[in-house]
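In: give the three-dimensional model of this entry:
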Amino acid sequence: LNFQEDPTITPLTGFKNFGTGLLSNFSQILLAIAEAFVVLAFDPNDIIGPSGFGEQNYLIPNQTFPYTIRYENQASATAPAVFVTVTQQLDEDLDLTTFELGDFGFGSIYIDVPTGLKAYSTRIDLTGTIGYFVDFNASLDTATRTATWQLTTIDPVTGGLPSDADAGFLPPNNDTHDGEGFLNYTISPKANLPTNTTIDAEAEIIFDFNTPIDTPKWTNTVDVDAPISQVSTLPSISAANFTVSWAGTDNGSGIASYDVYVSTDGGQFTLWKDNITQTSATYTGQSGSTYAFYSVATDNLGQVESAP
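Out: You can find the predicted model right below:
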């Protein structure tokens, strides 16, 4: 995103002093910030989910899905971000009871969140570096399926938002990545989802009073079905060397390979072709013998067809 400053507007250099009643005048503070900053923050951002197979990101759903939301105050921004709000409405096919907040950080700061939490709040003391606290609040609203994260710069003297127009916990980005931040969480899909169910993840990020920005959508596709395959019918009589063909179908991630088994003269089946990607091969037999074959397909997620 690229925003341009309005040449007719002159940014203010500071705010009026609201004194000790700053918290009770919170709406006035927000208005003052909006008036003081022409351009606050820019946000090349994304969400990264679990890596799957192929363009549709196929995954077996009986596992925990990790997600990371990343945000950045661009180097071209004219001021640090005072507060950042991230929201995400979780996909209907995800099990909210398994939602768990993960670690978060920005710049050189990394915060380890205790395990097993759906809500968490903490105050980060950065008075020794930038002169401010940063309050972090995260929660899950199960009624709306919405996870919310908020990071807010706090003046240690007033207990409210800073009155300095250049204050903020997230500066314009630089070569040391001071203007970047991230949020982690995990969640699992619901049980009994059918193959080709899609699970989408898209977050909304707001820097200060800028327009909300949607991350690109991350999509995974469920695959719970093993492939099926069969060996083509062979002629009743053939030469000693003959071609054996097989084929299969898979409703999800697709077939990765086949194992082909052979039985001689009604005996036990043994493995002939292991993990083969081709769908035919020449078998070298003996005159007067009879042969039978079957195939077992494996899909691209490692799901294996049951042997006949």
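
In: quick one, what contacts L301?
Out: 53, 58-60, 223, 252-253 (Cβ atoms under 8 Å, 6 or more residues apart in numbering). All C-beta spots, glycine's among them, are computed from the backbone N, C-alpha and C.

In: list just the nearest of those to E100.
Out: Comparing the contacts of L301 against E100 with Cβ to Cβ places L59 closest, at 18.2 Å.

In: can you tell me the closest non-neighbouring residue to that closest one?
Out: Spatial nearest neighbour of L59, chain neighbours left out: G52 (4.2 Å); criterion: Cβ to Cβ, 6 or more residues apart in numbering.

In: in this structure A240 contacts G285, no?
Out: Yes: counting by Cβ atoms under 8 Å, G285 is a contact partner of A240 at 5.0 Å.

In: so which of those two has more stuff around it?
Out: For A240 versus G285, neighbours defined as other Cβ atoms under 10 Å are more numerous around G285 (16 against 11).

In: list the contacts of that one.
Out: Contacts of G285 by Cβ under 8 Å, 6+ apart are 240-242, 291.

In: now that we have those residues, which one has the most neighbours?
Out: Counting by other Cβ under 10 Å, top hit in the contacts of G285: Y291 with 17 neighbours.

In: local confidence estimate at that one?
Out: If you check Y291, the pLDDT there is 97.

In: cool, K273 as well?
Out: On pLDDT, K273 comes in at 98.

In: which positions within the helix or strand encompassing it qualify as buried?
Out: Assigned by DSSP states H and E, K273 falls within strand 270-276. Using 16 or more other Cβ atoms under 10 Å as the burial criterion, the residues of strand 270-276 that qualify are 272-273.

In: over to stretch 147-162?
Out: 147-155, 158, 160-162.

In: tell me which of the residues you listed fall in strands.
Out: Cross-referencing those against strands under DSSP state E gives 147-154.

In: looking at those, which is nearest N45?
Out: Of all those, W149 has the smallest distance to N45: 12.5 Å, by Cβ to Cβ.

In: outside of the lengthiest strand in the chain, which residues touch it?
Out: As assigned by DSSP E, the longest strand anywhere in the chain is strand 94-106. When contacts are defined by Cβ under 8 Å, 6+ apart, strand 94-106 is touched by residues 64-66, 90, 110-113, 115-120, 136, 138, 140, 142, 145, 147, 149, 151, 169-170, 180-191, 199.

In: mind putting the contacts of L301 into CSV with pLDDT and secondary structure?
Out: Shown next, in CSV, are those (pLDDT from 0 to 100; DSSP: H, G, I helix; E, B strand; the rest coil):
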residue, pLDDT, secondary structure
F53, 98, strand
Y58, 98, strand
L59, 98, strand
I60, 97, coil
D223, 98, coil
G252, 97, coil
S253, 98, coil
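
In: T87: how many residues sit nearby?
Out: Counted with other Cβ under 10 Å, residues neighbouring T87 total 17.

In: equivalent analysis for A201, please.
Out: For A201, using other Cβ under 10 Å, the count is 23.

In: ditto for the one 10 residues further on
Out: Under the neighbour criterion other Cβ under 10 Å, T211 is assigned a count of 9.

In: distance check, it against I205.
Out: 10 Å (Cβ to Cβ, to the nearest Å).

In: N196 too?
Out: Taking Cβ to Cβ, one finds N196 at 30 Å from I205.

In: the two: who's more crowded?
Out: Neighbours per residue (other Cβ under 10 Å) separate N196 from I205, with I205 holding more: 26 against 14.

In: check contacts around the more buried one.
Out: Per Cβ under 8 Å, 6+ apart, neighbours of I205: 43, 45, 69, 71, 84-86, 212-213, 215.

In: can I have the buried ones of those residues as a ChimeraX selection?
Out: Applying 16+ other Cβ under 10 Å to the contacts of I205, the buried members can be selected in ChimeraX as follows:
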select :43,45,69,71,84,85,86,213,215
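
In: tell me which of the contacts of I205 fall in strands.
Out: 69, 71, 84-86, 213.

In: picking that back up, correct me, but the residue nearest to L59 touches N220?
Out: Yes: the criterion here is Cβ under 8 Å, and G52 meets it with N220 at 5.4 Å.

In: neighbour count for these two, which is higher?
Out: More neighbours surround N220 than the other of G52 and N220, with 24 against 20 (other Cβ under 10 Å).

In: run me through the strand neighbours of the helix or strand where that one lies, direction for each.
Out: Taking DSSP H and E as the criterion, N220 maps to strand 218-222. Using DSSP bridges, the strands paired with strand 218-222 in its sheet are strand 58-59 (parallel), strand 198-201 (antiparallel).

In: ok, residues contacting the first one?
Out: Spelled out, that is strand 58-59. Against strand 58-59 from outside (Cβ under 8 Å, 6+ apart): 50, 52-53, 65, 220-223, 252-253, 300-301.

In: appreciated, that's everything.
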